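Engineer: need coordinates for the following:
(chains A and B)
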Amino acid sequence: MHGYDYRAAQTVDDAVTLLAAPGARPLAGGTDLIVQLRRAERDAALLVDVKRIPELLDISFDPSDGLSFGAAVACTDIAEHPQIADGYPALADAARLIGGTAIRNRATVGGNLCNAAPSADAIPALVVLDARCIVRGPSGTRSIRAAEFCTGPGTTVLQPGELLVSLRLPPPGTRTGARYLRFIPRGEMDIAVAGAACMIRLEEQGDTIAEARVALASVAPTPLEIPDAAAALIGRPAGEDAFEQAAGAARESARPITDQRGTAALRTHLAGVLVRRALGDALRRARGEQLDA
Amino acid sequence: MRETAVTATVNGRPVSFFCDPTTSLLECLRDVVLLKGPKIGCLDGNCGACAVLLDGRLVNSCLVLGVEADGREITTVEGLESWPGLSALRQAFTEEDGLQCGYCTPGIIVAVKALLDRDPDPPAARIRDWLAGNLCRCTGYETIVRAVQSAAATLRESRTSDGEAGA
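Structural biologist: Okay, here's the model as predicted:
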């Protein structure tokens, strides 16, 4: 491992100033970055610790503004937050699946996004919940759709000197449900062979789907939004026929590779299975039913 | 590369040391503070042998930089001596054969402390989920889960009898 310097930023402005230095990287939970630095998979001249910036540790919810949480909030705090469990359960689903207890106490949803692994569990959930990534940099603040944040394995739209400050999610809609599911060969502490997040909103009356989003993990170089799957759902009655159409679109859109975790054929199959199951759970949540833990 | 001064509280005692930014908290605890309870295992957050409490929260000390511990409170297995649960866990792990080689045990004890602080009566499934990040290649986990349940029961009983004695 090459050497690097360390500074703990106290404010967002402080962090942005420090991140202007060549080779500077933000350090949040460190559960990916510290391992990557040790293995020389990433390089850094300066780590800017962002965990002491109050703005990056804040969680706020307002029924008309929605949810906003800082990029350094630990997964445990997302998974255990009562208003997130209540209004954004698909995000809690994903935050609860990342790593084990000790990892979730350090790892952050913001870091899961910035690490940009194709298998990142939190990203499909953020995509279907239509999250915005609030980024501060030398030239000001900008907002990026979660679906457009990752550009390849380990790469994002962040420019040198830019910092992910927070994630904003719109207020939970009425008659809306979402779910994230993944397949791994064991119960926990593993990386998704494939993952799927689905969101559906029902019309005010009846079971017709008014709005839908579907996103997949581990089937492409980046987490992938599947507009064809959403199109197969919108305007149709929620149920097995529409869900199978969406699953078919997910299989069609998946571009997986074969690696030690699974074959491309397995991942394509899983994409369909997980979309169908996640839609079933999303429908139950949209109807106000609780899922079994 | 600049060494940074770190001031922290470890097991209730104040410590100050200079730390290279690449050095893990695990190395600082073992080599500078001279606490050998946290063990060197996988060094990438998979095995839990290095688990400690950071401001009361379970973390893998191999994935925390020493410099990140500045101003924080750290508890290693050595710091649990005054916690009544430790004697209950010692007895239960002995009776239930919850360890063989013992290398994973300090991390597991620290993890169980964090669990029992939150849930004094955890079901087996919760214990398994909570300890998913603590690998044990000797026991097969069954005996660990039984030991944790047995120690938790002992702790609950001692709290109840303490409460009655106080009333």
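Engineer: roughly how far does whatever residue of the stretch 101-250 of chain A ends up closest to chain B sit from B:Val32?
Structural biologist: Closest residue of the stretch 101-250 of chain A to chain B, Cβ to the nearest Cβ: A:Glu188 (4.0 Å). Every residue, glycine included, has its C-beta placed from N, CA and C. A:Glu188 is 33 Å from B:Val32, where distance means Cβ to Cβ, to the nearest Å.
Engineer: which strands border whichever strand or helix holds A:Leu181, and is each parallel or antiparallel?
Structural biologist: Per DSSP states H and E, A:Leu181 falls inside strand A:176-183. Sheet pairing of strand A:176-183 (DSSP bridges) gives strand A:194-202 (antiparallel).
Engineer: send the alpha carbons of the partner strand over as PDB?
Structural biologist: C-alpha atoms of strand A:194-202 as PDB (Å, rounded to 0.1, in the frame of the first residue of the first chain):
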ATOM      1  CA  ALA A 194     -28.300 -10.800  -8.700                       C
ATOM      2  CA  GLY A 195     -30.600  -8.200  -7.000                       C
ATOM      3  CA  ALA A 196     -33.800  -6.500  -8.000                       C
ATOM      4  CA  ALA A 197     -35.700  -3.500  -6.700                       C
ATOM      5  CA  CYS A 198     -39.300  -2.800  -7.800                       C
ATOM      6  CA  MET A 199     -41.700   0.100  -7.000                       C
ATOM      7  CA  ILE A 200     -45.300   0.200  -8.000                       C
ATOM      8  CA  ARG A 201     -48.000   2.800  -7.300                       C
ATOM      9  CA  LEU A 202     -51.700   1.800  -7.700                       C
END
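Engineer: can you give me the strands in chain B?
Structural biologist: B:4-10, B:13-19, B:51-54, B:57-60, B:73-75 (DSSP state E).
Engineer: and the third one, is it in reach of chain A?
Structural biologist: Right, strand B:51-54. Yes. Using Cβ under 8 Å from any Cβ of the partner chain, strand B:51-54 reaches chain A at B:51, B:54.
Engineer: ok, residues contacting that strand?
Structural biologist: A:102, A:105, B:25, B:29, B:38, B:58-61, B:64, B:69, B:72-76, B:106-108, B:110-111, B:113-114, B:133-134 (Cβ atoms under 8 Å, 6 or more residues apart in numbering or on different chains).
Engineer: go with 7 Å
Structural biologist: Outside strand B:51-54, the residues that touch it by Cβ atoms under 7 Å, 6 or more residues apart in numbering or on different chains are A:102, B:38, B:58-61, B:64, B:72, B:74-76, B:107, B:110-111, B:114, B:134.
Engineer: go on, stretch B:55-75?
Structural biologist: By Cβ under 7 Å, 6+ apart, stretch B:55-75 touches A:6, A:30-31, A:34, A:49, A:101-102, A:105-106, B:4, B:6-11, B:19, B:21, B:23-29, B:38, B:43, B:45, B:48, B:50-54, B:110-111, B:114.
Engineer: repeat that for stretch A:286-293.
Structural biologist: Here stretch A:286-293 has contacts from A:175-177, A:200-202, A:281, A:284-285, using Cβ under 7 Å, 6+ apart.
Engineer: geometrically speaking, which residue is the centre of chain B?
Structural biologist: B:Val110 (1.6 Å; Cα atoms, centre = their mean).
Engineer: counting neighbours, what do you get for the residue of chain B found nearest chain A?
Structural biologist: Closest to chain A within chain B is B:Gly133: 2.8 Å, counting by Cβ to the nearest Cβ. Other residues near B:Gly133 number 23, with proximity taken as other Cβ atoms under 10 Å in any protein chain shown.
Engineer: do A:Arg236 as well
Structural biologist: Neighbour tally, A:Arg236, other Cβ under 10 Å: 17.
Engineer: can you check A:His269 too?
Structural biologist: Neighbour count of A:His269, defined by other Cβ under 10 Å: 17.
Engineer: ok so, going back, do I have it right that the residue nearest to the centre of chain B meets B:Gly79?
Structural biologist: No. Look at B:Val110 against B:Gly79 with Cβ atoms under 7 Å: they stay out of range, at 8.9 Å.
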